[in-house]
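1. Please work out how this folds:
(chains A and B)
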Amino acid sequence: MAIDTAKRAPASLIFMVLAALAMLAALFSLTNGAYPLGAKDVVSLLVEPAAAKPAAHMVFFDVRMPRLILGFLTGAVLAVSGTLLQGLFRNPLADPGLIGVSGGAALAAVSVIVLGGSWLSGWAVLTGRWALPLAAFIGSVLTTLLAWRIASRSGSIAVATLLLAGIAINAVAGALTGLLTFYADDGELRSLTFWSMGSLGHASWEDLKIAGPWMLLALLLAPLLAKPLDAFALGESVAGHLGFSVQWVKGATVLLSALGTGAAVAVTGLIGFVGLVVPHLLRQIVGAGHRILIPASALAGGVLLVAADSLARVVVAPAELPIGLMMSLLGGPFFLVLLMRLRIGA
Amino acid sequence: MAVLSVTQLGLSLGRSQILQDVSLTVEPGELVALLGPNGAGKSSLLKALAGELAFGQGSIELFGRDIRRWKGAELARQRAVMPQRVDVSFPFTAREIVALGCSGLTVFERNELIDYLLQRLGIGDLAERLMPTLSGGEQQRVQLARVLAQLWNTRGQRLLLLDECTSALDPAQQQTVFSLLRELAKEQGYSVVAVVHDLNVASCYADRLVMMAAGRIVEDGPATTILEPGLLDAVFGLKARVLALPEGYPVVIPQT
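-> Below you'll find the predicted structure:
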């Protein structure tokens, strides 16, 4: 019998390991880059910031700190959104991209990049340097709402239709994005290519100020969905029998993931894979219960993105690889190996 | 006061009339078996009673209140539902599945209740197993434990709606389950409405048999009046002998 019982590490151990990994990743990220900063410097900068050299102070607090925090939040929010949507769709293949979030964000972002000087100059003037992230955020939320509208009939949502609508909307958004790419000049082409590969390179406190609250909101509210999503694993009708308000759970899940992911994508560009891989991997280790899975996903997603971002800065230094590229480059093969070893035991 | 009272219920999906003029009353402590051939509307009736299907005509009252005026969370404390099939989409353990039915308990009380229920259903040693590694019959009993857990600590009237809750079980396990249901009805006052295919199980354990055909209730009464060769032939097209056992209930034996 013992062979078949679930082999699971205790939650407290998992969280301790994840916390330790987070510290390591943070240290790696903070000490890594053109300006030399060691672990000792990091400690002294944190303990006594006033005593540091101005250059070190600037690099640490205005470049690396916001980058670390933005990277961690983005990874956390992408992983948690993936967890929520996989729970809602009862499918380990769901991720935030599927309900139209990234397609919509990309279309809006590319529109601003290509048409910002012509048709959309009014938007560019109105929003200034926030033209791109704001458009991406609005684009992601709008496409999600569109998918939601298509899937709703007399007040209830058909989850399968929502998924299909998301896929179709992504395809249309992708085609329109392609069309815009066709009209882009060389400079625009370059910036939209880089946007679509994602980057934390320009992270600033300003970015955090506009995107951070949405990401934090999504992260803080997500645990409230743990119990209803457990019930959803038995199907919508059983969740209803158990007393959960099914429509409310669906709405809250989609809204939180669209807001969180939309905000993340707006400031970092497209970063795939985190939302798909992290929940899937963790389910094998901590089990499928969302009470543990959601916070563990947040931590692991944050660690993964910070670590990948640090690596992206090292491998081709002094240049850096786009983080989205790095994620797919590392994550893809890793995930394949994992699948072959587990043979999708779930 | 009746736990469940259905008056002239009518339900149609698209153009087809699924239920027609269905009236049914269930009292506290009663175990009612819903019988009938496939497609008679048993599952649809159960789904309507569970609030899953919206109905066109008539009314359903649960515990004296119109079903549409119950809040989901409130109703979940007094009425539990076991669907014909439940697919679990992620690798949960049996314990985690049963825990979904437990609310308002400490971790210790919850685990105690889960162990007790699994024990009663004969699968006490499977609590830590992952659902996908369990057989169909084991999974069915885990789901049944979840459904029982949901009402276990409720005071007052309770209603269980069970759709073929023993379809994957062998005769001995079926006996275990129905003895437990009968005990809950007689000693705790549970009301149970169960879709049953096995006529003899219905005869042995149920207080009342409700025979359905083509979306209507054709007969409602004790086993002795329902399990009657003429009716069985008319409803199922089943040629059978019915023997009266000295224990007081009839048994149905198909004729060769």
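
2. closest point of chain A to chain B, which residue?
-> A:Gly243 (2.8 Å; CB to the nearest CB). Just so you know, the C-beta spots here come from the backbone N, C-alpha and C atoms, and that holds for glycine as well.

3. gap between the closest residue to B:Val210 other than its chain neighbours and chain A?
-> Using CB to CB, 6 or more residues apart in numbering or on different chains and skipping residues adjacent in sequence, the residue nearest B:Val210 is B:Asp220, 4.8 Å away. In this structure, B:Asp220 and chain A are 25 Å apart, going by CB to the nearest CB, to the nearest Å.

4. Work out for me the element the residue of chain A closest to chain B sits within.
-> Element membership for A:Gly243 (DSSP states H and E) is empty, with no helix or strand holding it.

5. nearest residue to it other than its sequence neighbours?
-> In space, and not counting its chain neighbours, A:Gly243 is closest to B:Ala76: 2.8 Å by CB to CB, 6+ apart.

6. need the strands for chain B, in chain order.
-> Per DSSP state E, chain B carries strands over the ranges B:4-13, B:16-26, B:31-35, B:57-62, B:65-66, B:79-82, B:159-163, B:191-195, B:208-213, B:216-221, B:240-244, B:250-254.

7. Give the pairing partners of the second one; include direction for each.
-> I take that to be strand B:16-26. Looking at strand B:16-26 with DSSP bridges, its partner strands are strand B:4-13 (antiparallel).

8. now what about the partner strand, what contacts it?
-> Outside of strand B:4-13, the residues within contact range by CB atoms under 8 Å, 6 or more residues apart in numbering or on different chains are B:17-26, B:44-45, B:48-49, B:53, B:55-62, B:159, B:191, B:193.

9. just for the chain, where's the confidence low?
-> Went with chain A since none was named. Within chain A, the segments meeting pLDDT under 70 span A:1-7, A:154-155, A:342-346.

10. quick one on the thing from earlier: quick one: closest of the strands of chain B to A:Gly87.
-> The stretch from the strands of chain B with the least distance to A:Gly87 (CB to CB) is strand B:79-82; that distance is 21.2 Å.

11. Next one: the residue of the stretch 101-250 of chain B found nearest chain A relative to A:Ala76, how far apart?
-> Closest contact between the stretch 101-250 of chain B and chain A, by CB to the nearest CB, is at B:Glu128 (4.3 Å). Distance of B:Glu128 to A:Ala76, computed by CB to CB, to the nearest Å: 30 Å.

12. neighbour-wise, which of those two wins?
-> Between B:Glu128 and A:Ala76, A:Ala76 has the larger neighbour count (other CB atoms under 10 Å in any protein chain shown), namely 31 against 16.

13. Make sure that one is actually in contact with A:Gly302.
-> Yes - A:Ala76 lies in contact with A:Gly302 (CB atoms under 8 Å); the separation is 4.2 Å.

14. Okay, and the closest residue in space to A:Gly116 that isn't next to it in sequence sits in which element?
-> Spatial nearest neighbour of A:Gly116, excluding adjacent residues (CB to CB, 6+ apart): A:Ala124 at 4.5 Å. Using DSSP H and E, A:Ala124 maps to helix A:121-127.

15. before we move on, what about A:Asp230?
-> Assigned by DSSP H and E, A:Asp230 belongs to helix A:226-232.

16. Just checking the distance from stretch B:65-73 to the centre of its chain.
-> Computed by CA atoms, centre = their mean, to the nearest Å, the chain-centroid distance of stretch B:65-73 equals 20 Å.
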